[in-house]
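# curious how this folds, go ahead:
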Amino acid sequence: MVENGRDAGFSMDLVAALLKRMDQPFEVRRNDSFGEMLLNVSEGETDMAAANISVTSAREVHMDFSHPIFESGLQIMVKTEDLRQPSLVRALFSKDLAIAIGVAFLLLAGGGMLMWAVERRAQPYFDRPLKEAWFPSFWWALNLVVNGGFEERVPRTPVGRVFGVLLVISSLFIVSVFVAKITAVMTVEAISGSVNSVNDLYGKRVGTLSGSTAAGFLDRREVDFRGFGDLQELLAAFERDDVQIVVFDAPVLNYYTNHSGRGIGQTVGQVFLQESYGIALPQGSPLKEEVNRVLLELREDGTYDRIYAKWFGRIN
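Down below sits the predicted model:
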């Protein structure tokens, strides 16, 4: 990053401490893209590159790496407004639950009216005209399901008694199905429209940096994505809603969501594709051994921990 006209960031602080300890002056050359930075290293145009550069076997073919300077991985970032908590109100007014309630109402009303047709001449409770019988019959069926029925309104005809027993037994299933339906609707409500893992990325507008390990990972998983040349371009597209989701290095995304992107984006799910960052050097670089030795010194004397804490908080 550039802060107050100066290059700033974890990598910049670490490289400054590293080269000061090596008694080496240095000049920072910013590259327009991630791919350009790696190309300059592999072709020897720069002496080293420090950023969120993942150490991979494919890159090791074209360049050398220092000891790991950061343990990281990929993570998913979505818009904060797209995250929603499960809501009982939304679940209760959902279409699926409305259909379930409607079906239950019809079953209870139908069962109650059948009992009225069978018992209206034998059970005084049902002895009423059709236009007045629908609600008492429904109420009788509802109480049968909820409370097990009325002791004083037991069916009196053989057919009514058999039908009543069947209603009691079937009510167990009705209640179970109804509870299961509410649970299912609440579960769907909790996960609907959310992204929690790589499997949820298909069909979404995903963005990442071209040439990054995230881009390679998405290619291998056959997830369609839009590639960007630099991080600021990617984040600007995310803020404009040109992309719904960003898949990139976890520390970079977490820094963004806790600083300039607070309230805009939020990381979700676990860190995946664990990887190590290293300082990239041209193949056969004479600086490699001294860089590795000084990196170990910076870890041993606490310098590394202080730089890490400045940018990411205390190391657990």
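# low pLDDT regions in this structure?
The chain contains residues with pLDDT under 70 at 84-94, 96-97, 148-152, 171, 174, 178, 181-182, 184-194, 313-316.
# give me the domain ranges for the chain.
With domains defined by automatic domain parsing, the chain comprises 2-69+278-312, 78-84+195-270, 88-191.
# in CSV, list the C-alpha atoms belonging to the host helix or strand of residue 138.
Secondary structure assigned from DSSP states H and E places residue 138 in helix 130-147. Presented in CSV, the C-alpha positions along helix 130-147 are these (Å, rounded to 0.1, in the frame of the first residue of the first chain):
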residue,chain,number,x,y,z
LEU,A,130,-73.9,-28.6,7.5
LYS,A,131,-73.5,-24.8,7.4
GLU,A,132,-72.9,-24.8,11.1
ALA,A,133,-70.8,-28.0,11.3
TRP,A,134,-67.6,-27.1,9.5
PHE,A,135,-65.9,-25.2,12.3
PRO,A,136,-66.9,-27.5,15.2
SER,A,137,-65.8,-30.4,13.1
PHE,A,138,-62.5,-28.8,12.3
TRP,A,139,-62.0,-27.9,16.0
TRP,A,140,-62.7,-31.4,17.0
ALA,A,141,-60.1,-32.7,14.5
LEU,A,142,-57.6,-30.1,15.7
ASN,A,143,-58.0,-31.1,19.3
LEU,A,144,-57.7,-34.7,18.3
VAL,A,145,-54.3,-33.9,16.8
VAL,A,146,-53.0,-31.6,19.6
ASN,A,147,-54.6,-33.1,22.7
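# how far away from the center of its chain is that helix?
Put simply, helix 130-147 sits 47 Å off its chain's centre (C-alpha atoms, centre = their mean, to the nearest Å).
# one more: stretch 111-118?
So, by C-alpha atoms, centre = their mean, the centroid of stretch 111-118 is 51 Å from its chain's centroid.
# list the buried residues of the helix holding residue 138.
Residues 133, 137-138, 140-142, 144-145 are the ones in helix 130-147 that count as buried (16 or more other C-beta atoms under 10 Å). Every residue, glycine included, has its C-beta placed from N, CA and C.
# which of the residues you listed lies closest to residue 180?
Residue 180 has its nearest neighbour among the buried residues of helix 130-147 in residue 145, at 15.3 Å by C-beta to C-beta.
# can you tell me how far that closest one sits from residue 47?
Distance from residue 145 to residue 47, counting by C-beta to C-beta, to the nearest Å: 79 Å.
# also residue 66?
Residue 66 sits at a distance of 12 Å from residue 47 (criterion: C-beta to C-beta).
# same check on residue 283?
Distance of residue 283 to residue 47, computed by C-beta to C-beta: 12 Å.
# more crowded one of these two?
Higher neighbour count among residue 283 and residue 47: residue 47, with 17 against 13, using other C-beta atoms under 10 Å.
# tell me which element that one falls in.
Going by DSSP H and E, residue 47 is not in any helix or strand.
# isn't it right up against residue 287?
Yes - assessed by C-beta atoms under 8 Å, residue 47 is found in contact with residue 287 at 6.4 Å.
# hey, what's in contact with both of those two?
Common contact partners of residue 47 and residue 287 (C-beta atoms under 8 Å, 6 or more residues apart in numbering): residue 281.
# related to what we said a few turns ago, mind listing the shared neighbours of residue 283 and residue 47?
Contacts common to residue 283 and residue 47, judged by C-beta under 8 Å, 6+ apart, are absent.
# where along this protein do the strands fall?
For the chain, the strands defined by DSSP state E occupy 2-3, 6-7, 63-65, 70-79, 206-209, 226-228, 245-249, 265-277, 280-282.
# grab the nearest non-local neighbour of residue 37.
Spatial nearest neighbour of residue 37, excluding adjacent residues (C-beta to C-beta, 6 or more residues apart in numbering): residue 31 at 4.0 Å.
# cool, and residue 118?
Spatial nearest neighbour of residue 118, excluding adjacent residues (C-beta to C-beta, 6+ apart): residue 160 at 4.5 Å.
# what do you get for residue 303?
residue 17 (5.5 Å).
# pretty sure the one you found contacts residue 308?
No - judged on C-beta under 8 Å, residue 17 makes no contact with residue 308 at a distance of 11.5 Å.
# okay, now residue 297: neighbour count?
Look at residue 297: counted by other C-beta under 10 Å, it has 14 neighbours.
# you'd agree it is up against residue 18?
No - counting by C-beta under 8 Å, residue 18 is not a contact partner of residue 297; they are 9.3 Å apart.
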